[in-house]
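1. The following comprises the amino acid sequence and a computationally predicted model.
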Amino acid sequence: MELLKSKILEIKDKLKENLIIAAHHYQSEQIIDLADFVGDSYMLAKKASSTIKKNIVLCGVRFMAETAKILANEDQRVFIPDYYSLCPLAEKVKLEDLENIFYFLKNKKNLDVVIITYVNSYVDIKSFTGKNGGSCCTSSNAEKIIKYYLDKKKKIIFVPDFYLGSNTAIKMKNVRTKSIFLRDEMNLKEEENYDDADIFLWNGFCPVHQLYSEEDILNLRKNYPQIKIVVHPESKVEVVSLADFSGSTEYIYNLIKRSESGSVWAVGTESTFVNRLQKENPDKKIFSVKESYCKNMQKINLDNLYNLLLKIKEEKVDSNEIIIDKSELKYSLISLKNMIDIVEGKI
Ligand code: 13P
Ligand code: SF4
């Protein structure tokens with residue numbers, strides 16, 4: 001392992017003017033150690049839109065690399081060490097279904113509707129969102145993005161994560177939600193009136209965050225009276241409402257880092273990340289609400305990173321490069337730019 005690490009560092013050094021390695025918080029310690037930049041989905045997107053390095057290697061899941069490619073300049077290239085590092089949540093929304101529901105609410109129900117798509121989605125969904133005046137969001141800014149459109153009196157279709165949409169609406173108070181699906185069947189009917197709904201929620205979920213239950217939280221409180229509990233907002237509604245805090249991975253990272261020495265934390269998000277938090281904060285006790293790993297995030301390893309860097313150095317890369325169709329690039333860029341502009345108060 002040490003040999004591989006030093007070989008990677010050697011290539012990094014050779015390519016340093018032309019290479020940036022960005023890693024999501026869920027990556028293994030070995031990858032984090034080699035990364036130039038570590039962050040949550042929003043930070044990775046922002047980094048991609050600001051770096052001038054020619055080659056961007058994204059250690060994370062594919063939608064993150066696609067986001068980087070959409071935001072990068074035309075002459076920048078984006079690579080992922082394992083092309084099949086997919087996010088099951090992003091698979092939960094199919095363009096045809098989204099189009100049907102969007103046109104149903106817009107044309108049949110005459111609602112002034114936009115789509116907000118969690119960045120955990122693929123390019124076709126982002127593109128349809130941008131084409132129709134909507135925006136992307138991440139877990140760090142969902143509230144801001146929803147507020148922006150509600151202030152404009154829009155109805156929102158929120159895809160694909162049911163829980164991020166629900167948890168954010170609950171936090172905002174007085175925001176009314178309606179589930180689009182009952183089990184897997186579309187639950188919107190022509191004869192019904194939907195004026196009393198502000199957000200229409202898709203039925204996607206992240207398998208990693210669905211493992212935590214109300215009972216887990218209650219047991220933790222019983223066993224550790226002083227415990228503080230922080231969870232990711234992709235967790236179930238009852239889990240988020242019983243936790244002390246919820247937020248993106250970067251929020252969780254900073255919250256724990258800045259907490260009092262000696263404090264005890266249970267964290268409801270990917271366990272590779274939780275284990276690193278404990279290692280980086282030895283003066284605190286930090287553990288998972290329940291062990292839960294994202295196996296797609298863990299597909300990235302020193303071997304495939306090394307092989308990729310070797311190919312970049314020898315200018316041989318093919319299957320690990322992210323290529324996006326020009327027709328989809330234009331509107332998916334709009335959906336991501338809308339998110340950044342709303343967050344930065346530019347629109
Ligand atoms: P963050 O944007 O909070 O890093 O979340 C990404 C993700 O995939 C969580 O499962
Ligand atoms: Fe997707 Fe869940 Fe893995 Fe995040 S943790 S990348 S949402 S599967």
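-> Happy to help now that I have it. Numbering: from 1, shown residues only. Ligands and ions are numbered 1, 2, ... in the order given.
2. could you pull out the helices for the stretch 1-150 of the chain?
-> Remark: helices assigned in the stretch 1-150 of the chain by DSSP state H, counting those that start in this stretch are 2-14, 29-34, 41-50, 62-71, 95-103, 123-131, 142-151.
3. out of those helices, which comes closest to Val274?
-> Closest approach to Val274 among these is made by helix 29-34 (12.1 Å; Cβ to Cβ). Bear in mind the C-beta positions are built from the backbone N, C-alpha and C, glycine included.
4. Mind giving me the packing neighbours of that closest one?
-> Contacts defined by 3 or more Cβ pairs under 8 Å, 6 or more residues apart in numbering; DSSP states H and E place helix 29-34 against helix 2-14, strand 19-24, helix 271-280, helix 302-313.
5. Comparing the ones you listed, which stretch has the densest surroundings?
-> For these, average neighbour numbers computed from mean count of other Cβ atoms under 10 Å are highest in strand 19-24, which has a mean of 24.
6. Please identify which of the helices of the stretch 1-150 of the chain is closest to ligand 1.
-> Smallest distance to ligand 1 across those (Cβ to the nearest ligand atom): 3.2 Å, for helix 41-50.
7. So is the closest one next to ligand 2?
-> No: judged by Cβ under 6 Å from any ligand atom, helix 41-50 and ligand 2 are separated, with a smallest distance of 8.6 Å.
8. Count the neighbours of Ser213 for me.
-> Neighbouring residues of Ser213 were enumerated by other Cβ atoms under 10 Å; the total is 16.
9. Can you add distance to ligand 2 and give the helices and strands packed on helix 29-34 back as a markdown table?
-> Formatted as a markdown table, these follow (distance: least, Cβ to the nearest ligand atom, whole Å):
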| stretch | distance to ligand 2 |
| --- | --- |
| helix 2-14 | 23 |
| strand 19-24 | 8 |
| helix 271-280 | 9 |
| helix 302-313 | 17 |
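10. will you turn these into TSV that also has distance to Gly134 and mean pLDDT?
-> Listed next are the helices and strands packed on helix 29-34 as TSV, based on distance: least, Cβ to Cβ, whole Å; pLDDT from 0 to 100:
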stretch	distance to Gly134	mean pLDDT
helix 2-14	38	95
strand 19-24	24	98
helix 271-280	29	98
helix 302-313	33	97
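11. As CSV, those with distance to Ser259 would be great.
-> CSV is the format used below for the helices and strands packed on helix 29-34 (distance: least, Cβ to Cβ, whole Å):
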stretch, distance to Ser259
helix 2-14, 31
strand 19-24, 22
helix 271-280, 11
helix 302-313, 31
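12. Residue numbers of this structure in contact with ligand 1?
-> His25, Asp40, Ser41, Asn120, Thr138, Ser139, Cys206, His232, Glu234, Ser248, Thr249.
13. Closest one of those residues to ligand 2?
-> Nearest member of those to ligand 2, counting by Cβ to the nearest ligand atom, is Cys206, at 3.3 Å.
14. Looks to me like that closest one is in a helix.
-> No: counting by DSSP: H, G, I helix; E, B strand; the rest coil, one finds Cys206 to be coil, located in no helix.
15. Tell me the helix or strand right after the least confident helix or strand in the chain by mean pLDDT.
-> Least confident helix or strand, the chain: strand 185-186 with a mean of 90, by mean pLDDT, DSSP states H and E. Once the chain leaves strand 185-186, the next helix or strand it forms, by DSSP states H and E, is strand 199-201.
16. I'd like the average pLDDT over that next one.
-> Mean pLDDT, strand 199-201: 98.
17. Same question for stretch 105-124.
-> 97.
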